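Novice: sequence first, then the predicted structure, then my questions.
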Amino acid sequence: MSSQVSTSRGLHPPGKLGAFESPHNWPLSAPTSQPEAGRSDDQDVRLLSVSWNQDCGCFAAGTSNGFRIFNCDPFKETFRRDLKSGGFGIVEMLFRCNILALVGGGSNVQYPPNKVMIWDDHQSRCIGEFAFRSDVRAVKLGKDYIVIVLERKIYVYNFTDLKLLHQIDTLSNPKGLCCLSHHSNTSVLACPGVHQGHVRVEHFGLKMTKMITAHDSHISCMALTMDGLLLATASMKGTLIRIFNTMDGTRLQEVRRGLDKAEIYSIALSPNVQWLAVSSDKGTVHIFSLRVRVAGEDASNEQRTLEGPRMDHQNSASSIDPLVQTNVGSNASSSLSFMRGILPKYFSSEWSFAQFHLPEVTRYIVAFGAQNTVMMVGLDGSFYRCSFDQVNGGQMFQKEYFRFLKTDNRPPFRTSAT
């Protein structure tokens, strides 16, 4: 699978770019054509995708006639681009800076689904394009990398000069599953392997590849912690979520969403590595308590601030106990769990600690907000913010609800997670 890359002069690494801001209008010379005057009627707009930025403080919504950026706390629309030439099926942010990755979607004939445009909204110009022979399934941005996911191959480019660094073969990956870490000290990528149920983990900084046998069936969803040292996965069955050490592949914990088969839409790990959230087509968001130690818990607060959260991994897979600890709250379990190893595995399962019931008519992606809050964004144009009791768990409390796009979407649509 070959690709074509074109660049513009003056390409800068994202660390040198200013804050994400909007010029007064979308220039006529921009590849995205002439802007619509004023705001379009939402009734005529289809929501094609929603995706968090890297710290989940914002999310991007790709629509049938452009894209929109929303701030999460306080919730508000930051700005939008309404275009006459069509919309975007993939809109990927880079934290809160002015760089976006755009892939055409819907009726957008000017930008087909096999082309990625790296757009600098501050300079109002395209700073790079990637064209492929097949459709782009996902794009991930990091401060050093641009990752483009096709159905059977992943390309990793240097952000500064768009030089191709890595080509990774995968099984058929129509969902575009891929995760990229976003911590200053680590560069980790996770994606499906070449065998069913396997996950390939690339530690770019360490020049190390780790293959993890995560499930028996195909992988349906995955998520990394910010530092890339923890990986959470779900299979096509959607009943179990497993958490792994990405350094040595050790399975650290397994939690159960339910008994019936489900499609997992989204997995999120909290920044403090204490909680895990899962959304599915069953219409319930589940919160699980994690039992994974974060390095620096016994160190000074100053050191923790400088280094950020990271997993206290050991040199061998035999050192599992130091990675596991009791969190503030504990997941529910069967009263017969003391007979682990005698009764079927179901009776020793860890069930969710807290729950929130959503309409089942659309897909939701989830993320953790400030303190003990969880955010949900749906492809029906809805935004929820809920809180949960960190000691007692149970049903979550709905704090906020917004309808940011009034549309009558029908699945399937593309969703994305960090």
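Specialist: Sure thing, it's come through. Numbers count the residues shown, from 1 in each chain.

Novice: Ala235 and Leu290, how far apart?
Specialist: Residue 235: Ser, not Ala. Separation of Ser235 from Leu290 (C-beta to C-beta, to the nearest Å) stands at 19 Å. No exception for glycine: its C-beta is placed from N, CA and C like everyone else's.

Novice: er, Ile241 actually
Specialist: Distance of Ile241 to Leu290, given as C-beta to C-beta: 11 Å.

Novice: common neighbours of these two, please.
Specialist: Each of Leu276 lies in contact with both Ile241 and Leu290 under the rule C-beta atoms under 8 Å, 6 or more residues apart in numbering.

Novice: so where's the stretch 51-200 of the chain uncertain?
Specialist: For the stretch 51-200 of the chain, the stretches with pLDDT under 70 are 108-109.

Novice: so how many other residues sit close to Ala101?
Specialist: Neighbourhood size, Ala101 [other C-beta atoms under 10 Å]: 25.

Novice: what does Leu165 give?
Specialist: So Leu165, with other C-beta under 10 Å, has 13 neighbours.

Novice: the one 10 residues further on too?
Specialist: Using other C-beta under 10 Å as the criterion, Lys175 is surrounded by 19 other residues.

Novice: let me see the contact set for Asn372.
Specialist: Ser387, Phe388, Asp389, Gln390.

Novice: ditto for Lys140
Specialist: So Lys140 contacts Glu92, Ile146, Val147, Val149, Cys178, Cys179, Leu180 (C-beta under 8 Å, 6+ apart).

Novice: mind checking which helix or strand it is in?
Specialist: Using DSSP states H and E, Lys140 sits in strand 138-141.

Novice: what's the following helix or strand past that strand in contact with?
Specialist: Following strand 138-141 in sequence order, the next helix or strand is strand 145-149 (DSSP H and E). Residues outside strand 145-149 that contact it (C-beta under 8 Å, 6+ apart): 3, 101, 116, 118, 128, 130, 132, 136-141, 154-159, 162, 165, 173, 176-178, 180, 187, 189, 191, 204.

Novice: keep only those of the residues you listed that are in strands.
Specialist: Among these, the residues falling in strands (DSSP state E) are 3, 101, 116, 118, 128, 130, 132, 138-141, 154-158, 165, 180, 189, 191.

Novice: format the CA atom coordinates belonging to the helix or strand harbouring Asp82 as PDB.
Specialist: Under the criterion of DSSP H and E, Asp82 resides in strand 75-82. Provided in PDB are the C-alpha atoms of strand 75-82 (Å, rounded to 0.1, in the frame of the first residue of the first chain):
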ATOM      1  CA  PHE A  75     -19.600  23.400  28.000                       C
ATOM      2  CA  LYS A  76     -19.700  25.700  24.900                       C
ATOM      3  CA  GLU A  77     -19.100  25.700  21.200                       C
ATOM      4  CA  THR A  78     -15.700  27.300  20.600                       C
ATOM      5  CA  PHE A  79     -16.100  27.700  16.800                       C
ATOM      6  CA  ARG A  80     -17.300  26.000  13.700                       C
ATOM      7  CA  ARG A  81     -16.500  25.800  10.000                       C
ATOM      8  CA  ASP A  82     -19.600  25.600   7.800                       C
END
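
Novice: and that strand, which strands flank it?
Specialist: strand 66-72 (antiparallel) (DSSP bridges).

Novice: chain center to the strand it pairs with, what's the gap?
Specialist: 16 Å (C-alpha atoms, centre = their mean, to the nearest Å).

Novice: buried subset of the contacts of Asn372, written for PyMOL?
Specialist: Selection of the buried residues among the contacts of Asn372 in PyMOL, burial being defined by 16 or more other C-beta atoms under 10 Å:
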select buried, resi 387+388+390
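
Novice: in ChimeraX, how would I select just the buried ones from the ones in strands among the contacts of strand 145-149?
Specialist: Of these, the buried ones go into a single ChimeraX selection, burial set by 16+ other C-beta under 10 Å:
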select :3,101,116,118,128,130,132,138,139,140,141,154,155,156,157,180,189,191
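
Novice: follow-up on the earlier one: which single one of the contacts of Lys140 is nearest to Ala262?
Specialist: For the contacts of Lys140, the residue nearest Ala262 by C-beta to C-beta is Cys179; the value is 20.5 Å.

Novice: wait, Asp135 sits on Asn114?
Specialist: Yes. With contact defined as C-beta atoms under 8 Å, Asp135 counts as touching Asn114 (5.3 Å).

Novice: count the residues that sit near Gly238.
Specialist: Gly238 has 22 neighbours, counted by other C-beta under 10 Å.

Novice: do you know how far the spatially closest residue to it that is not a sequence neighbour is from Phe383?
Specialist: Among residues not flanking Gly238 along the chain, Ala262 sits closest, at 3.6 Å (C-beta to C-beta, 6 or more residues apart in numbering). Counting by C-beta to C-beta, the gap from Ala262 to Phe383 is 23 Å.

Novice: would you double-check that the residue nearest to Gly238 falls in a helix?
Specialist: No. Counting by DSSP: H, G, I helix; E, B strand; the rest coil, Ala262 is not part of a helix but coil.

Novice: list the contacts of it.
Specialist: Ala262 neighbours (C-beta under 8 Å, 6+ apart): Lys237, Gly238, Thr239, Ser280, Asp281, Lys282.

Novice: which one of those is nearest Gln371?
Specialist: Ser280 (24.7 Å).

Novice: ok, now which ones touch that closest one?
Specialist: Contacts of Ser280 by C-beta under 8 Å, 6+ apart are Gly238, Arg257, Ala262, Glu263, Ile264, Tyr265.

Novice: and it, bridged to which residues?
Specialist: Ile264.

Novice: roughly how far apart are it and Ala234?
Specialist: Taking C-beta to C-beta, one finds Ser280 at 9 Å from Ala234.
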